[in-house]
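Engineer: the following comprises the amino acid sequence and a computationally predicted model.
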Amino acid sequence: MTAKSDGPRARRIAALRGAASAALVLLALAAYQGVLDAGWLALAALAVAAAAAWPPGAASEPSDAPELAEAGRARSAEAVLAVVPDPVILVDRSGLVGEANAAARELLPVLREGQPLSLALRDPDVLAALEEVLAAGGGGAVAYRPRVPTERSFEVQIAALREGPDAPAEGALLFFRDFTEARRIERMRVDFIANASHELRTPLASLLGFIETLQGPARDDPAARERFLEIMRGQARRMTRLIDDLLSLSRIELRAHVPPDAPVELAEIARRMIETLAPLAAERGVDVALDTDGGPHGVLGDRDELLRVAENLIENAVKYGESGGRVEVAVARREGRVPRVELAVRDYGPGIAPEHLPRLTERFYRVDVAASRDKGGTGLGLAIVKHIVARHRGQLTIESDPGRGATFRVTLPARAEG
Ligand code: ADP
């Protein structure tokens, strides 16, 4: 470093200037690992580089005030660090914290400038990787998975800060990339494929079993054949329902960012669906009533999707709330800053225990798997409802008094009158 590296501010400026080379190392690393799509990373790194590597005398700085110019550069670099949304920490060659942006201080609340990083970041892998970078130069990446206050998942990219390629490390830059959300989505995707395969395999195994029985022991038993064929039909139907629901989900997801724009009357949707489901309700001995206020009940929506919402909610209320013998469907106008129209479906069945409520709209989540299968459920109905409601910029709420039924409420922005 320069002769000024003795003063604390000069040391900081030197570190920030070193950040320029570190930023470029990170960029190269990112490009090498194919993660340059994180555009802001490139931008932030370039900005740090620009701020810290501003050539002396290039700007309008007075030639007799190099200290002022350096202070300006340090401020620019600090400003850039402050807006980088992910944690960034600069340490000196003995592992003392030189700079840390707000995101880093939020992640590691005990982080203090001038104190060892190891006091705030007690992760042996990260500290060992940092030590290695400080000793040997270069850079590396290491996983960091804090468990408190919540479980999170980071990749820490560490790069040496040095004056030139062969110079010893004067410090290091630690850049934390947050993969928590990416990991959650990846886990969901893997679970989804496993669940869908499992759901299809069960009826398929049953079908194969019956085919073999029909080809073998039951070959000459017409009564057994009829019985088995009926069961096989049920299993094949179950697979069809599941595939239909999977296709619906993926179609809705594909259009998730295109808000639907056709005028739809929510009361008419509810009325139509109650009519369609009348045979099912009669079969189960459930009385379904519709209650509407003065309205208006117009929304901007996709008619088929809203019919699907009403179908899933009313059908569930009839199926799972059968013991209550009564289902009430209400469509009401809700005035407010943003006027809304609400569709509420209430049943008087067993209800749902509170611990299940937050997970009810997850794909394949059922309170009682056997009961759901028994009723022809796929475990995707409420996930479909949730996605449709989200696409309509609406809200779905579920209230339940275990033992006294459940109410599913969908509120959608009302269509502007006229
Ligand atoms: P399924 O195809 O199993 O009906 P859903 O996504 O529609 O799937 O519902 C998920 C689970 O939520 C159901 O399996 C059931 O356990 C529970 N559930 C849904 N509606 C009701 C209701 N009205 N009363 C009690 N439980 C319900």
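Structural biologist: Yep, that arrived. Numbering: from 1, shown residues only.

Engineer: only C-alpha atoms for contact and neighbour calcs from this point on.
Structural biologist: Will do.

Engineer: now the helices for this protein?
Structural biologist: Assigned by DSSP state H, the chain shows helices spanning 8-32, 39-52, 66-83, 102-107, 117-120, 124-136, 180-215, 222-254, 266-276, 278-284, 303-320, 369-374, 381-391.

Engineer: mind listing what's buried along the fourth one?
Structural biologist: This points to helix 102-107. 102, 103, 104, 105, 107 (16 or more other CA atoms under 10 Å).

Engineer: going by distance to the ligand, which of those wins?
Structural biologist: Lowest distance from the ligand to those (CA to the nearest ligand atom) belongs to residue 107, with 36.7 Å.

Engineer: next up, the contacts around the closest one.
Structural biologist: The contact partners of residue 107, by CA atoms under 8 Å, 6 or more residues apart in numbering, come to residue 87.

Engineer: and the gap between the nearest residue to residue 258 once chain neighbours are set aside and the ligand?
Structural biologist: Spatial nearest neighbour of residue 258, chain neighbours left out: residue 391 (7.3 Å); criterion: CA to CA, 6 or more residues apart in numbering. Per CA to the nearest ligand atom, to the nearest Å, residue 391 is found 17 Å from the ligand.

Engineer: then residue 208?
Structural biologist: 24 Å.

Engineer: how many residues are close by that residue?
Structural biologist: Neighbourhood size, residue 208 [other CA atoms under 10 Å]: 12.

Engineer: ok, it to residue 214 distance?
Structural biologist: 10 Å (CA to CA, to the nearest Å).

Engineer: try residue 334
Structural biologist: To residue 214, residue 334 is 59 Å away according to CA to CA.

Engineer: ditto for residue 394
Structural biologist: With CA to CA as the criterion, residue 394 and residue 214 are 51 Å apart.

Engineer: is it true that residue 347 touches residue 406?
Structural biologist: Yes - Residue 347 lies in contact with residue 406 (CA atoms under 8 Å); the separation is 5.6 Å.

Engineer: identify the residue nearest residue 127 in space, chain neighbours excluded?
Structural biologist: Nearest to residue 127 is residue 118, by CA to CA, 6+ apart, at 6.9 Å.

Engineer: what residues are up against the residue nearest to residue 258?
Structural biologist: 252, 255, 256, 257, 258, 259, 260 are the contacts of residue 391 under CA under 8 Å, 6+ apart.

Engineer: next, give phi and psi for the fourth one.
Structural biologist: When read as degrees, to the nearest 10, the backbone of residue 257 gives phi -100, psi 0.

Engineer: list the residues that contact it.
Structural biologist: Counting by CA under 8 Å, 6+ apart, residue 257 makes contact with residue 391.

Engineer: 10 Å instead?
Structural biologist: 390, 391, 392 (CA atoms under 10 Å, 6 or more residues apart in numbering).

Engineer: any chance of the residues you listed in JSON lines, with pLDDT too?
Structural biologist: Output for those, formatted as JSON lines (pLDDT from 0 to 100):
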{"residue": "390", "pLDDT": "95"}
{"residue": "391", "pLDDT": "95"}
{"residue": "392", "pLDDT": "95"}
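
Engineer: tell me, what's touching residue 347 and residue 406 both at once?
Structural biologist: 317, 320, 321, 327, 400.

Engineer: the second one against residue 346, yeah?
Structural biologist: No - the pair residue 320 and residue 346 does not pass the contact test of CA atoms under 10 Å, sitting 11.3 Å apart.

Engineer: just give the number of residues close to residue 155.
Structural biologist: 18.

Engineer: do the same with the one 3 residues further on
Structural biologist: When neighbours are defined as other CA under 10 Å, residue 158 has 29 of them.

Engineer: what's the distance between it and the ligand?
Structural biologist: 45 Å.

Engineer: my guess is that residue meets residue 144, correct?
Structural biologist: No - using CA under 10 Å, residue 158 makes no contact with residue 144, being 12.0 Å away.

Engineer: contact partners for the residue lying closest to residue 343 once chain neighbours are set aside?
Structural biologist: Counting by CA to CA, 6+ apart, residue 343 lies nearest to residue 331, which is 4.6 Å off, once chain neighbours are set aside. The neighbourhood of residue 331, defined by CA under 10 Å, 6+ apart, consists of 266-271, 290-297, 341-345, 409-411.

Engineer: quickly, which of the helices of the chain bottoms out on average pLDDT?
Structural biologist: With a mean of 46, helix 39-52 has the lowest mean pLDDT of those.

Engineer: quick check: chain neighbours aside, which residue is closest to residue 174?
Structural biologist: Nearest one to residue 174, counting by CA to CA, 6+ apart, is residue 158 at 4.6 Å.

Engineer: need the contact list for the one you found.
Structural biologist: So residue 158 contacts 22, 25-26, 88-90, 126, 129-130, 132-134, 137-142, 172-176 (CA under 10 Å, 6+ apart).

Engineer: what's the burial count for the spatially closest residue to residue 113 that is not a sequence neighbour?
Structural biologist: Counting by CA to CA, 6+ apart, residue 113 lies nearest to residue 97, which is 4.9 Å off, once chain neighbours are set aside. Number of residues near residue 97 (other CA under 10 Å) recorded here: 23.

Engineer: mind pulling up the pLDDT for residue 97?
Structural biologist: 94.

Engineer: now the one 4 residues further on
Structural biologist: The pLDDT attached to residue 101 in the predicted structure is 92.

Engineer: show me the contacts for it.
Structural biologist: 78-90.

Engineer: what's near enough to touch the residue lying closest to residue 352 once chain neighbours are set aside?
Structural biologist: Sequence neighbours aside, residue 402 is the residue nearest to residue 352 in space, at 5.3 Å (criterion: CA to CA, 6+ apart). Neighbouring residues of residue 402 by CA under 10 Å, 6+ apart: 348, 349, 350, 351, 352, 353, 354.
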